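Asks: Attaching a predicted model along with its sequence, questions to come.
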There are 2 protein chains.
Amino acid sequence: MPDAQDMLFRTLADPTRRSLFERLCREGEQTVVALTAGAGVSQPAVSKHLGVLKAAGLVADRPEGRLTHYRARRGALAPLVDWTSRMAGFWESRFDELEDLLARMDQ
Amino acid sequence: MPDAQDMLFRTLADPTRRSLFERLCREGEQTVVALTAGAGVSQPAVSKHLGVLKAAGLVADRPEGRLTHYRARRGALAPLVDWTSRMAGFWESRFDELEDLLARMDQ
DNA sequence: TATTCCCATAACCATAGGGTTATGAATTGG
DNA sequence: CCAATTCATAACCCTATGGTTATGGGAATA
């Protein structure tokens, strides 16, 4: 399961993928065409990235007719917060409560 | 200067590198031989990873005779916390104060 | 029904980068 | 002074992966 951590880091390492996730966080649910516009890469590339993000649990999709809406799952960031807090040395800090909060944000 | 954020994510994406950083965070200053023991890869590989970590500002080295001591620079994690907080949507939260704290932890 | 649109998959290519061994410079110890 | 140790660099290899174009299936629209 702490393999989820590795998955998260690897997934977020790519700038295009991070940018897609950022857009979904900021602007909410989007279709693939909408995301492709301004992504700087082709539609198949966007689809592939969305697939990776989905496999990491960072996004969820909602098929609707011929469209597919994607949305961010912020709660999936919890392991990242967890790792950072451990590395920073704040074992007993407020991070813990924040992590719980993120875990429950799964929507 | 390439984006510090991007550099951080890319640097921490590799599990071997993350493991080295974790050890430096937990166990404090270490020489290269010490880090190589238990790293699971060769000494040149460790040296290369340490070079990448250093370029990202995540570690600092202290040459002493024929030994080189490496230590973690936890403050370099600040952009990671920053990004996570922005994505999670806690702009006005305790993250801010934590980020300041990390910024001042630069040692 | 025919056409257009959205999206995913397949097949392929090129590069980044993480691993190795070989080597050498610098330092310390016998 | 010679040997051993520490570390970084060089020169490779090989795989993972991010990009592309081509294609096709399902859904809306004319």
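Replies: Sure thing, it's come through.

Asks: Let's verify residue A:62: helix, strand, or coil?
Replies: Of the three states, residue A:62 takes strand according to DSSP: H, G, I helix; E, B strand; the rest coil.

Asks: and it, how many neighbours?
Replies: Residue A:62 has 11 neighbours, counted by other C-beta atoms under 10 Å in any protein chain shown. In this view, the C-beta of every residue, glycine as well, is placed from N, C-alpha and C.

Asks: who does it bridge with?
Replies: Beta bridges link residue A:62 to residue A:69, judged by DSSP bridges.

Asks: And the pLDDT for it?
Replies: On the pLDDT scale, residue A:62 is placed at 98.

Asks: just residue A:79 next, same as before
Replies: pLDDT recorded at residue A:79 is 93.

Asks: And for it, the neighbour number?
Replies: 21.

Asks: now it: how far from residue B:77?
Replies: To residue B:77, residue A:79 is 15 Å away according to C-beta to C-beta, to the nearest Å.

Asks: Residue A:40 too?
Replies: Using C-beta to C-beta, residue A:40 is found at 28 Å from residue B:77.

Asks: And residue A:48, by the same measure?
Replies: Noted for residue A:48: a distance of 29 Å to residue B:77, by C-beta to C-beta.

Asks: Those two: who's more crowded?
Replies: Shown here are residue A:48 and residue B:77; by other C-beta under 10 Å, residue B:77 has more neighbours (25 against 14).

Asks: can you tell me which residues contact the more buried one?
Replies: Shown in contact with residue B:77 (C-beta atoms under 8 Å, 6 or more residues apart in numbering or on different chains): A:84, A:87-88, B:8, B:58, B:102.
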